[in-house]
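# Build me a model from this:
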Amino acid sequence: MKRFLIQVTIFSLIIAGFLAAGEYAIRQMPNPYKYKHRWMQQNAGSVETLILGSSHTYYGINPAMLPGKAFNLANVSQDYKYDLLLLEQYADSCKSLRNVIIPVSYFSFFDPDLECSNEWYCAIYYKIYMGIDIHPALSKYNFELSHLSVYSGKIRNLLSFSYPDIDCDSLGFGNRFTLADRQQDWESLSIQAVNRHTAKDWNNVSAQVRRLTEIITFCQSRSINVILITTPTWHKYYENLDPRQLQKMYDIVRDLQARYGVTYIDYLNDTRFTADDFHDCDHLSSDVGAVKFTRIFCQDIFRDTIAR
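Below you'll find the model as predicted:
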């Protein structure tokens, strides 16, 4: 029995060693979270415009086309809680910051916190790579290993010496959603996307509104303009949205406009965008649609909001 326990212990230590080595190796790989954190540490002082938010702005607004010095700090599935945490983390270094762009999407006020969603594992990346220290060191949010399927995929990449691109350009703009790589059958998948984004209840609304309000008041206390936008979607997406949820979204935004005087521009069903402008039903193609959208956006708000 003693010999068996020794063998089990040795085997367990070997497995633990391999897992720890894998964890270390994965953390050395490039990724957009690590890149954006380092970029902000080095360049935050000169940034005039920050783009926050989820994939809608990550792939939808190209900072290189904005006036002045801009950076895209959005990430896939990033919610208002993490927008606020990132803003608070870098704000003291952002001596030149004058504008913050934040998306208001159909789901923004209705989704649960990132940790309570199907994409909870994204919270790992904020703790490990961006210094957002809101979870204990021994929690699942401090280990890549906690999400085994993604961890395994990264290990396979390491073993095959296949290192993926970091998925963003030098200014943080997501450049993977190209027109050539457009999602297959994306029109027929529109209903599925709408169903994912339509809330079963409105239990999360008050918390999400409170966080966006905190972002607005935080920015205004520092004389930073807040620009809220709803990015374009394909007509088969917006035509199937739940009218009650959509109206609630607009009611919240109008209330924020009335109370805080923030700028809001709605492009949800903008007919200037055609099929070739989209990667899928609710994301612009980064090489075509995002260029067109960023140009239109600049024309709409340049004089009143974004200064050189």
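
# Show me what stretch 231-246 is in contact with.
56-57, 60, 103, 105-106, 110, 186-187, 190-191, 193-194, 198-199, 267-270, 273, 275, 277-278, 280-282, 284, 289, 293 (Cβ atoms under 8 Å, 6 or more residues apart in numbering). Where C-beta positions appear, they are placed from N, C-alpha and C, glycine not excepted.

# Need the nearest residue in space to the residue most central in space within the chain, chain neighbours excluded.
Closest to where the C-alpha atoms of the chain average out (Cα atoms, centre = their mean) is Asn75, at 2.4 Å. Once flanking residues are discounted, Asn75 sits nearest to Tyr58: 6.1 Å by Cβ to Cβ, 6 or more residues apart in numbering.

# residues in contact with that neighbour?
Applying Cβ under 8 Å, 6+ apart, the residues contacting Tyr58 are Asn72, Ala74, Asn75, Val76, Gln78, Cys168, Phe173, Gly174.

# isn't the third one right up against Asn31?
It stands for Asn75. No - in this structure, Asn75 is not within contact of Asn31 by Cβ atoms under 8 Å, at 10.1 Å.

# Between these two, which contacts overlap?
Here Asn75 and Asn31 have Tyr125 as joint contacts, going by Cβ under 8 Å, 6+ apart.

# Quickly note the distance from Leu84 to Ala207.
Between Leu84 and Ala207 the computed distance is 12 Å (Cβ to Cβ, to the nearest Å).

# cool, and Cys298?
32 Å.

# likewise Lys248?
Here the criterion is Cβ to Cβ. By it, Lys248 lies 14 Å from Ala207.

# would Leu50 count as being in a strand?
Yes - Leu50: assigned to a strand according to DSSP: H, G, I helix; E, B strand; the rest coil.

# didn't it look like it was pressed against Gly68?
No - here Leu50 lies out of contact with Gly68, judged by Cβ under 8 Å, at a distance of 11.3 Å.

# out of those two, which sits in the more crowded spot?
More crowded of Leu50 and Gly68, by other Cβ atoms under 10 Å: Leu50, with 28 against 15.

# got a list of what that one touches?
Ala70, Phe71, Leu73, Leu87, Cys94, Leu97, Asn99, Val100, Ile101.

# and it, what are its bridge partners?
Beta bridges link Leu50 to Phe71, Val100, judged by DSSP bridges.

# Can you show me the helices along the chain?
2-28, 32-43, 55-58, 80-90, 122-130, 148-159, 190-197, 205-221, 235-238, 243-260, 289-301 (DSSP state H).

# What are the buried residues along the second one?
So that's helix 32-43. By neighbour count with 16 or more other Cβ atoms under 10 Å, helix 32-43 contains the buried residues Pro32, Tyr33, Lys34, Tyr35, Lys36, His37, Trp39, Met40.

# could those residues go into a markdown table alongside pLDDT?
A markdown table is the format used below for the buried residues of helix 32-43 (pLDDT from 0 to 100):
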| residue | pLDDT |
| --- | --- |
| Pro32 | 95 |
| Tyr33 | 97 |
| Lys34 | 96 |
| Tyr35 | 96 |
| Lys36 | 97 |
| His37 | 97 |
| Trp39 | 97 |
| Met40 | 97 |
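
# nearest to Lys140, of the residues you listed?
Nearest to Lys140 among the buried residues of helix 32-43: Tyr33, at 16.8 Å, using Cβ to Cβ.
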